[in-house]
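Engineer: Could you look at this predicted model? Sequence included:
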Amino acid sequence: MHHDPLSLFAVLALIVAVLGAWTALDLFNRARSHLGSARLRWLGAAAVSLGLGIWSMHFIAMLGFRPDGGVAYDGGLTLLSFLLAAFGTGGAFLTAAGPNTRPMRLSMAALLMGGAIAAMHYVGMAAIHTAATLAYRPALVVLSVAIAVAASYAALVAARRERNLTWRAVAAVLLGLAIVAMHYTGMAALILTPVVHAAHESDTSRLVLAVAVTAGSVAVLFVALGASVFDRRTDVLAAVDAGGVGFWEAAVPLRPPVMSARAREILSIPEDARAGSSEIGDRLSPEDLPAHRAALARALAGEADYDEEWRLPATGRWIHLRGRLIRSRSGRPLRMSGVITDVTDRREAFAALADSERQQRLLINELNHRVKNTLATVQSIARQTARRTPDVKTFTALFEARLLALSNTQNLLTAGKWERVDLGALLGQELAPYADEQVRLAGPAVDLDPRQALGLGMVFHELAVNAAKYGALSTPAGCVRVDWSVRDANLMLDWVESGGPPVATPTRRGFGGDLIEATLNRSLNGTAIMTYAVEGFALSLRLPL
């Protein structure tokens, strides 16, 4: 009998055992990342991979076993040995796959796996038909089982702690060595008694068969690894898509990209349509295209990641496109991978924020202007009240009443943002601080919506302030007359001042004039004509209701 553990058969057996262990542990970790039936499927794949690795190792190693006589195998027992390895390791993986497996449970899994490895070996030996009797040394049999169990425990511990390829390599080598060590320890326990001498089989034929089995096993295991890699990629893409982010990848030099479903949705590419190599650029505006090409060239040269935001003219949506150049270990560019997200909501939020910061700067300016105008109004009210009162007590009463009327005007404007306001009430509140004989209001009831009330309130306030500072309300003899009517759903209003100081056309437009024109002509879609006649200022406005 000949069984050389250092022969080519032993080397091939070790390679298959380690690769089978590596594949099984990779699939085992795939199983741990799944739940339910998916976990069971991956555990089954891990068990089959390890079972195939163990069985192939045993078969290849046995091709190096050359007793004095021919060797044949019982098909049923050979299949049973494979099933023992597959189901035993599957049970061990299932036992150890829990998230919080205790040491005792892990020990049971190792005992099951080690026992399955040993059972596969000895059942496989029982499947041998040769012209010799087989017996075993009990001590070495026990040692072979102990080696299988101990190494299985170490491999399962290492597999559960796997965080990188180093840990998996340690686990795979431990388990592969355990399988091989158990096999050769079991072979060392073998006592072979020849019965009939026969010619040896050809070493060449056995070597060819060993290489063929190795190649077949390696091919199957690589398919299993490929399935694992594909499943990882699928999980990543599913997670990315679930987050509303699209994934894309293109070979270098740039080829038509592979895109996830979300990426196609963002770019409005039908699911069954073939993407072109310039799919992104084709969807950009001509103005953005040069910047896109420059950023892409920098990314392909490895100078910087591609990180740009673009507006898609066809849909009006905004996209954020990121990409990074992937290189081989030697530094050769392989592909570009990246993500694409729809950032329209964010862009719109930023635009709204910018508008808000502008609806705030304007209000601050308006507030400052109103404060100054209010102070001027108060000063004018104080002067006019002082002219018409004989003593301090009367002055105090009239002055407080007029200040309260001014405050009520502000309250009415504030309330006008939320409910309808009568035009006459709005004018009355604004002009209430002034003497009754100086104000004439005439017109029907007209309801203003909040936008109109706020706009006209600002206009009337500005007109009243200007009249108090420079116009008809700045002198006791002055008068402001306001007449309005409604024609064809349009408000027709005339503000006419008389009896005040002589009026001259202003040499420059102030904030008040700009505010009146902007409010009436643009905000309220009306028209306003301001006339600076010598006898008094006048304004005519037309406003659709």
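Structural biologist: That came in fine, so what should we check first? Numbering: from 1, shown residues only.
Engineer: mind listing the helices for the stretch 51-200 of the chain?
Structural biologist: Using DSSP state H, counting those that start in this stretch, the helices of the stretch 51-200 of the chain run over 75-96, 103-126, 138-160, 165-188.
Engineer: same question, the chain
Structural biologist: 8-32, 36-63, 75-96, 103-126, 138-160, 165-188, 203-242, 261-267, 289-300, 344-387, 392-415, 423-431, 450-469, 511-517 (DSSP state H).
Engineer: Just give me the lowest mean pLDDT stretch among the ones you listed.
Structural biologist: Among these, helix 203-242 has the lowest mean pLDDT, at a mean of 59.
Engineer: how many neighbours does residue 180 have?
Structural biologist: 24 (other C-beta atoms under 10 Å). To be clear about C-beta, it is placed using only N, CA and C from the backbone, and glycine gets the same treatment.
Engineer: Likewise for residue 271?
Structural biologist: Neighbours of residue 271 using other C-beta under 10 Å come to 8.
Engineer: Repeat that for residue 74.
Structural biologist: Residue 74, neighbours per other C-beta under 10 Å, totals 15.
Engineer: contacting residues around it?
Structural biologist: 126, 127, 128, 129 (C-beta atoms under 8 Å, 6 or more residues apart in numbering).
Engineer: Which of those residues sits closest to residue 264?
Structural biologist: Using C-beta to C-beta, residue 127 is the member of these that lies nearest residue 264, at 54.5 Å.
Engineer: wait, doesn't the closest one sit right on residue 72?
Structural biologist: No: using C-beta atoms under 8 Å, residue 127 is not in contact with residue 72, being 9.1 Å away.
Engineer: Among the two, which residue is more densely surrounded?
Structural biologist: Per other C-beta under 10 Å, whichever of residue 127 and residue 72 has more neighbours is residue 127, with 18 against 9.
Engineer: quick one, what contacts the more buried one?
Structural biologist: So residue 127 contacts 73, 74, 75, 76, 77, 78, 80, 81 (C-beta under 8 Å, 6+ apart).
Engineer: Enumerate every residue touching the fourth one.
Structural biologist: Which is residue 76. Per C-beta under 8 Å, 6+ apart, neighbours of residue 76: residue 127.
Engineer: Check the third one too.
Structural biologist: Neighbour list for residue 75: residue 127 [criterion: C-beta under 8 Å, 6+ apart].
Engineer: Tell me the spacing between it and residue 62.
Structural biologist: Computed as C-beta to C-beta, to the nearest Å, the residue 75 to residue 62 distance reads 15 Å.
Engineer: now swap in the second one and tell me
Structural biologist: Taking C-beta to C-beta as the criterion, residue 74 is separated from residue 62 by 13 Å.
Engineer: Please enumerate the shared neighbours of these two.
Structural biologist: residue 128.
Engineer: about what we covered before: of all the helices of the stretch 51-200 of the chain, which lies closest to residue 497?
Structural biologist: Across the helices of the stretch 51-200 of the chain, closest to residue 497 is helix 165-188 (C-beta to C-beta), at 88.9 Å.
Engineer: Alpha carbons only: can I get that closest one in PDB?
Structural biologist: Extracted in PDB, the C-alpha atoms of helix 165-188 (Å, rounded to 0.1, in the frame of the first residue of the first chain):
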ATOM      1  CA  LEU A 165     -10.500  39.100   4.300                       C
ATOM      2  CA  THR A 166      -7.800  38.300   6.800                       C
ATOM      3  CA  TRP A 167     -10.300  36.800   9.300                       C
ATOM      4  CA  ARG A 168     -11.900  34.800   6.500                       C
ATOM      5  CA  ALA A 169      -8.600  33.600   5.300                       C
ATOM      6  CA  VAL A 170      -7.700  32.500   8.800                       C
ATOM      7  CA  ALA A 171     -11.000  30.700   9.200                       C
ATOM      8  CA  ALA A 172     -10.700  29.000   5.700                       C
ATOM      9  CA  VAL A 173      -7.200  27.800   6.300                       C
ATOM     10  CA  LEU A 174      -8.000  26.500   9.700                       C
ATOM     11  CA  LEU A 175     -11.000  24.600   8.400                       C
ATOM     12  CA  GLY A 176      -9.200  23.400   5.300                       C
ATOM     13  CA  LEU A 177      -6.200  22.200   7.300                       C
ATOM     14  CA  ALA A 178      -8.600  20.500   9.800                       C
ATOM     15  CA  ILE A 179     -10.300  18.600   7.000                       C
ATOM     16  CA  VAL A 180      -6.900  17.500   5.500                       C
ATOM     17  CA  ALA A 181      -5.400  16.700   8.900                       C
ATOM     18  CA  MET A 182      -8.400  14.700   9.900                       C
ATOM     19  CA  HIS A 183      -8.200  12.800   6.600                       C
ATOM     20  CA  TYR A 184      -4.500  11.900   6.900                       C
ATOM     21  CA  THR A 185      -4.900  11.100  10.600                       C
ATOM     22  CA  GLY A 186      -7.700   8.800   9.700                       C
ATOM     23  CA  MET A 187      -5.500   7.300   7.000                       C
ATOM     24  CA  ALA A 188      -2.700   6.800   9.500                       C
END
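Engineer: elements contacting that helix?
Structural biologist: helix 8-32, helix 36-63, helix 103-126, helix 138-160 (3 or more C-beta pairs under 8 Å, 6 or more residues apart in numbering; DSSP states H and E).
Engineer: tilt between that helix and helix 138-160?
Structural biologist: 170 degrees (axes from the mean of the first three to the mean of the last three C-alpha atoms, to 10 degrees).
Engineer: Now find how far off-centre helix 165-188 is within its chain.
Structural biologist: Centre-to-centre, helix 165-188 and its host chain are 43 Å apart (C-alpha atoms, centre = their mean, to the nearest Å).
Engineer: Give me the buried stretch members for it, please.
Structural biologist: For helix 165-188, a neighbour-count test (16 or more other C-beta atoms under 10 Å) marks 167-187 as buried.
Engineer: again with stretch 137-157
Structural biologist: Buried residues in stretch 137-157 (16+ other C-beta under 10 Å): 140-141, 143-145, 147-157.
Engineer: Can you list the neighbours in contact with that stretch?
Structural biologist: Stretch 137-157 has contacts (C-beta under 8 Å, 6+ apart) with 21, 25, 92, 96, 106-107, 109-111, 113-115, 117-118, 121-122, 171-172, 174-175, 177-179, 181-183, 185-186, 188-191.
Engineer: redo that, cut-off 7 Å
Structural biologist: 21, 96, 106-107, 109-111, 113-115, 117-118, 171, 174-175, 177-178, 181-182, 185-186, 188-189, 191 (C-beta atoms under 7 Å, 6 or more residues apart in numbering).
Engineer: Can you give me the distance of residue 365 to residue 522?
Structural biologist: Distance from residue 365 to residue 522, by C-beta to C-beta: 17 Å.
Engineer: Quick one, which of the contacts of residue 74 are buried?
Structural biologist: 127, 128.
Engineer: and which of the contacts of residue 74 is nearest to residue 334?
Structural biologist: Among the contacts of residue 74, and counting by C-beta to C-beta, the member closest to residue 334 is residue 127, at 47.5 Å.
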